[in-house]
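With the input below, show me the fold.
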Amino acid sequence: MRLSRRQTIAGLVGGAVVAGTGAVTLAAFDESDLLRAMLHRLVGPFRMKDEDFAAFRAGIERRHGFPGTAKTSLYALAEAAGARPLIDRGPAGPRREMADLERVVLAEFVTHTDYLKQAGRDVDLTYLGRGPCSSPYAKFGMA
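Residues are numbered from 1 along each chain as shown. Predicted structure coming up:
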């Protein structure tokens, strides 16, 4: 099958449009989108003022960091689209990276906000700042 010059150019333009749209879509998601989507999945709906959430996000970034920008955008898109199971069935590296990030985010959320005190109430959660322990592997029971 031979393609004409016109068909080839149309195919290249179409591919460029698809690639550009994908890049813009990925760039639209950032760490905050990833954290919100992840937390909504893990703890359910919650409300937090933007400045408190920004401080929460900055605290995680300062103490633990985030994956690279492209990975973070991809993970945020997967969370927002409900496609997290695809990552869970994917290669071990991204699966482990997401599991570790999820542990950190959940531990920071529970220990650095007033979530446990306010759970079930229709109020804005408050970011309390760094506490004495934020290890995602901590066990709080008596030995």
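
In terms of helices and strands, where is the residue most central in space within the chain?
Nearest to the geometric centre of the chain sits Leu34, at 2.1 Å (Cα atoms, centre = their mean). Using DSSP states H and E, the element containing Leu34 is helix 31-43.

in that helix, what counts as buried?
Neighbour counts over helix 31-43 (16 or more other Cβ atoms under 10 Å) mark Glu31, Asp33, Leu34, Leu35, Arg36, Ala37, Met38, Leu39 as buried. Heads up, the C-betas are built off the backbone N, CA and C, glycines and all.

swap in stretch 84-91?
Arg84, Ile87.

can you tell me how far the closest residue to the residue nearest to the centre of the chain other than its chain neighbours sits from Asp33?
Ranked by Cβ to Cβ, 6 or more residues apart in numbering and with sequence neighbours excluded, the top spatial neighbour of Leu34 is Ala76, at 3.7 Å. Distance of Ala76 to Asp33, given as Cβ to Cβ, to the nearest Å: 4 Å.

Who are the contact partners of Gly59?
Listed by Cβ atoms under 8 Å, 6 or more residues apart in numbering, the contact partners of Gly59 are Glu108, His112, Tyr127, Gly129, Arg130.
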